[in-house]
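**Student:** Please work out how this folds:
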Amino acid sequence: MFRQRLTIEGIVQGVGFRPFVYQTAVRLGLAGWVNNDSRGVTIEVEGAAADLAEFGRVLCDEHPPLASISSIRTSELPATGASGF
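**Tutor:** Okay, the predicted model is just below:
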């Protein structure tokens with residue numbers, strides 16, 4: 001298991017981005033959380049390496065049409081064994 005923190009900036013508030021993140025994570029069987037603040041969205045997500053890679057791909061390629069991602073910063077974290085999103 002692996003855990004990542006993704007910090008996403010751009011037009012990601014008020015466009016259905018958090019529900020999209022939640023639905024994508026649940027579909028891929030990932031654990032973690034999503035939160036937004038004045039700079040964008042922060043996500044911590046945990047799961048198998050292949051599922052995390054797919055999660056990142058989907059965020060970039062299939063995000064809601066009104067969303068616009070200007071940057072994504074990813075950092076590795078120690079896995080916690082979390083369950084649920």
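**Student:** make it CA atoms for all contacts and neighbour counts henceforth
**Tutor:** OK.
**Student:** what sits up against stretch 9-16?
**Tutor:** 18, 36, 39-41, 64, 66-72 (CA atoms under 8 Å, 6 or more residues apart in numbering).
**Student:** How far does the longest helix along the chain sit from its chain's centre?
**Tutor:** As assigned by DSSP state H, the longest helix anywhere in the chain is helix 49-61. Put simply, helix 49-61 sits 9 Å off its chain's centre (CA atoms, centre = their mean, to the nearest Å).
**Student:** which other helices and strands contact that helix?
**Tutor:** helix 17-27 (3 or more CA pairs under 8 Å, 6 or more residues apart in numbering; DSSP states H and E).
**Student:** Follow the chain on from the helix it packs on and name the next helix or strand.
**Tutor:** Downstream of helix 17-27, the first helix or strand assigned by DSSP states H and E is strand 31-37.
**Student:** Could you spell out the sheet neighbours of the following helix or strand past that next one, each with its direction?
**Tutor:** Later in the chain than strand 31-37, the nearest helix or strand by DSSP H and E is strand 40-47. Here strand 40-47 is paired, per DSSP bridges, with strand 2-11 (antiparallel), strand 31-37 (antiparallel).
**Student:** Of the ones you listed, which is nearest V58?
**Tutor:** strand 2-11 (13.3 Å; CA to CA).
**Student:** could I have the closest one exported to PDB, CA atoms only?
**Tutor:** Extracted as PDB, the C-alpha positions of strand 2-11 are listed here (Å, rounded to 0.1, in the frame of the first residue of the first chain):
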ATOM      1  CA  PHE A   2       1.100   3.500  -0.800                       C
ATOM      2  CA  ARG A   3      -0.200   7.000   0.300                       C
ATOM      3  CA  GLN A   4       0.000  10.300  -1.500                       C
ATOM      4  CA  ARG A   5      -0.900  13.900  -0.900                       C
ATOM      5  CA  LEU A   6      -2.000  15.700  -4.000                       C
ATOM      6  CA  THR A   7      -2.400  19.500  -3.900                       C
ATOM      7  CA  ILE A   8      -4.400  20.800  -6.900                       C
ATOM      8  CA  GLU A   9      -4.700  24.400  -7.900                       C
ATOM      9  CA  GLY A  10      -6.800  25.900 -10.500                       C
ATOM     10  CA  ILE A  11     -10.600  26.200 -11.000                       C
END
